[in-house]
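> Just to be clear, the model below is a prediction. Sequence and coordinates:
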Amino acid sequence: MCLPAHFGGVEGVVEMAWIKVANVTDVPVGHMLYVDLEDDPVAIYHAEDGFYATSDTCTHAAESLSQGRLDGHIVACPKHGGKFDIRTGAAVAFPCVYALQTYPVEVRDGEVWIDF
Ligand code: FES
């Protein structure tokens with residue numbers, strides 16, 4: 001599906017690619033799942049209020065965030081303890097200062113899909 005989009009005053013077309021990444025039952029509440037999409041690592045999070053997705057690679061020193069710990073909406077990196085808000089991708093604890101890429105997530109008939 002393609003939708004018209006505007007970036008900085010430039011009109012263009014954005015490719016929308018919804019991809020099934022898991023079944024809801026694959027990721028219990030409070031857990032994470034690593035998925036490799038076209039060589040881009042993505043972390044899927046199941047929080048109390050639903051699913052979220054971000055890039056899996058910590059912006060500090062390239063550790064896999066899905067190997068860390070999820071506490072509410074905050075994921076802690078296992079390497080140096082930096083933290084990110086999975087809702088926005090924002091870095092919320094040092095040494096992380098750069099945000100993660102986030103992806104829209106939908107649950108459809110028991111399946112988790114992301115717009116990648
Ligand atoms: S690699 Fe994630 S906090 Fe350093």
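Thanks, I have the structure now. Numbering: from 1, shown residues only.

> For the rest of this, base every contact and every neighbour count on C-alpha atoms.
Fine.

> what does stretch 49-62 contact?
34, 40-46, 63-66, 77, 82, 86-87, 89, 95-107, 112, 114 (CA atoms under 8 Å, 6 or more residues apart in numbering).

> Get me the contact residues on this protein for the ligand.
Selection of the chain residues close to the ligand by CA under 6 Å from any ligand atom yields 58, 60-63, 77, 79-82, 95-96.

> which stretches of this structure aren't confidently modelled?
Within the chain, the stretches with pLDDT under 70 are 1-16.

> Do a quick rundown of the strands in it.
In the chain, the strands defined using DSSP state E lie at 2-7, 10-15, 18-23, 32-37, 40-47, 50-55, 69-71, 74-76, 83-85, 91-93, 102-103, 105-108, 111-115.

> For stretch 43-59, C-alpha coordinates in PDB please.
Extracted C-alpha coordinates of stretch 43-59, given in PDB (Å, rounded to 0.1, in the frame of the first residue of the first chain):
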ATOM      1  CA  ALA A  43      12.600  -5.600  19.100                       C
ATOM      2  CA  ILE A  44       9.000  -6.300  19.800                       C
ATOM      3  CA  TYR A  45       7.700  -5.500  23.300                       C
ATOM      4  CA  HIS A  46       4.500  -6.700  25.000                       C
ATOM      5  CA  ALA A  47       3.700  -4.100  27.600                       C
ATOM      6  CA  GLU A  48       0.500  -4.200  29.800                       C
ATOM      7  CA  ASP A  49      -1.300  -1.900  27.400                       C
ATOM      8  CA  GLY A  50      -0.200  -3.600  24.100                       C
ATOM      9  CA  PHE A  51       2.600  -4.100  21.700                       C
ATOM     10  CA  TYR A  52       5.400  -1.800  20.700                       C
ATOM     11  CA  ALA A  53       8.300  -2.100  18.300                       C
ATOM     12  CA  THR A  54      11.700  -0.300  18.100                       C
ATOM     13  CA  SER A  55      15.000  -0.900  16.500                       C
ATOM     14  CA  ASP A  56      16.800  -3.600  18.600                       C
ATOM     15  CA  THR A  57      20.200  -2.000  18.500                       C
ATOM     16  CA  CYS A  58      21.100   0.300  21.400                       C
ATOM     17  CA  THR A  59      22.200   3.700  20.100                       C
END
